[in-house]
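Participant: Return a 3D structure for these sequence lines:
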Amino acid sequence: KMFIGGLNWDTTDDGLRKYFSEFGKVDACTIMRDPDGRSRGFAFLTFEESVSVNAVLARDHILDGKSIDPKRAIPREEHLRNTRYFVGGLAPTTNADSMREFFSTFGKVVDATVMVDRDSGRSKGFGFVTFEDATNSDQFIGKLGLVLDDKQASVFATRR
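Facilitator: Numbers count the residues shown, from 1 in each chain. I've put the predicted structure just below:
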């Protein structure tokens, strides 16, 4: 199962399925939507064979004019064992890659996401970082002086 992030708001389930069929037989493909039917910008996709996931991860992808971010989906139970943190005060230039690079000094980063405005595509100034474990969390939770992309950021544990 894969998580597909960064989708164009206009991407359809059929378009997504067709694009990823190039890598193998797609069992299921669902774009997550708001109650009013608008895309939330991400989807879950399941291939018949796991080798297809590796083929997808081996390269970059552009769909409907937008660079998309496919990742191996983390099972819900495993996600609960991971540690996810809210990161506020992000610079407008901060992206998932710079966040991942910055926080990798504190441990293995499983996911890094900058929240963006649906209409403008601009950063909302906050995001989330998820680590494999909480080993070094005392080094960044609530600490002053964490400077990411030339701006002081704040990190807090998220509530489950």
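Participant: Show me what counts as buried in stretch 28-37.
Facilitator: Across stretch 28-37, burial judged by 16 or more other C-beta atoms under 10 Å covers 29, 31. Using the backbone N, CA and C atoms, a C-beta is placed for each residue, glycine as well.
Participant: Repeat that for stretch 135-150.
Facilitator: 137, 140, 141, 146, 148.
Participant: how about the strands in this structure?
Facilitator: Counting by DSSP state E, the chain has strands at residues 2-5, 26-33, 39-47, 61-63, 66-72, 83-88, 109-116, 123-131, 147-148, 151-152, 154-157.
Participant: quick one: contacts for residue 154?
Facilitator: Residue 154 makes contact with 87, 88, 89, 142, 146, according to C-beta atoms under 8 Å, 6 or more residues apart in numbering.
Participant: Equivalent analysis for residue 12, please.
Facilitator: Taking C-beta under 8 Å, 6+ apart, we find residue 12 in contact with residue 31.
Participant: can you tell me how far it sits from residue 109?
Facilitator: Applying C-beta to C-beta, to the nearest Å, the value for residue 12 to residue 109 is 31 Å.
Participant: right, and residue 65 touches residue 7 too?
Facilitator: No. In this structure residue 65 lies outside contact range of residue 7 using C-beta atoms under 8 Å: 11.1 Å.
Participant: Of the two, which one has the most company?
Facilitator: residue 7 (22 against 8; other C-beta atoms under 10 Å).
Participant: how deep is the nearest residue to that one once chain neighbours are set aside tucked in, by neighbour count?
Facilitator: If the residues on either side of it in the chain are set aside, residue 7 comes closest to residue 41, at 5.1 Å by C-beta to C-beta, 6 or more residues apart in numbering. As a burial measure, residue 41 scores 19 neighbours (other C-beta under 10 Å).
Participant: from what I can see residue 41 touches residue 6, true?
Facilitator: Yes. Under the criterion of C-beta under 8 Å, residue 41 makes contact with residue 6 at 6.7 Å.
Participant: which residues are contacting stretch 61-73?
Facilitator: Contacts for stretch 61-73 (C-beta under 8 Å, 6+ apart): 1-8, 10-11, 15-16, 19, 44-45, 53, 56-57, 60, 96, 111.
Participant: Now tabulate the strands of the chain in JSON lines and tack on distance to residue 103 and mean pLDDT.
Facilitator: Shown next, in JSON lines, are the strands of the chain (distance: least, C-beta to C-beta, whole Å; pLDDT from 0 to 100):
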{"stretch": "strand 2-5", "distance to residue 103": "17", "mean pLDDT": "93"}
{"stretch": "strand 26-33", "distance to residue 103": "25", "mean pLDDT": "94"}
{"stretch": "strand 39-47", "distance to residue 103": "21", "mean pLDDT": "93"}
{"stretch": "strand 61-63", "distance to residue 103": "24", "mean pLDDT": "95"}
{"stretch": "strand 66-72", "distance to residue 103": "16", "mean pLDDT": "91"}
{"stretch": "strand 83-88", "distance to residue 103": "8", "mean pLDDT": "90"}
{"stretch": "strand 109-116", "distance to residue 103": "5", "mean pLDDT": "90"}
{"stretch": "strand 123-131", "distance to residue 103": "5", "mean pLDDT": "92"}
{"stretch": "strand 147-148", "distance to residue 103": "8", "mean pLDDT": "94"}
{"stretch": "strand 151-152", "distance to residue 103": "15", "mean pLDDT": "94"}
{"stretch": "strand 154-157", "distance to residue 103": "9", "mean pLDDT": "88"}
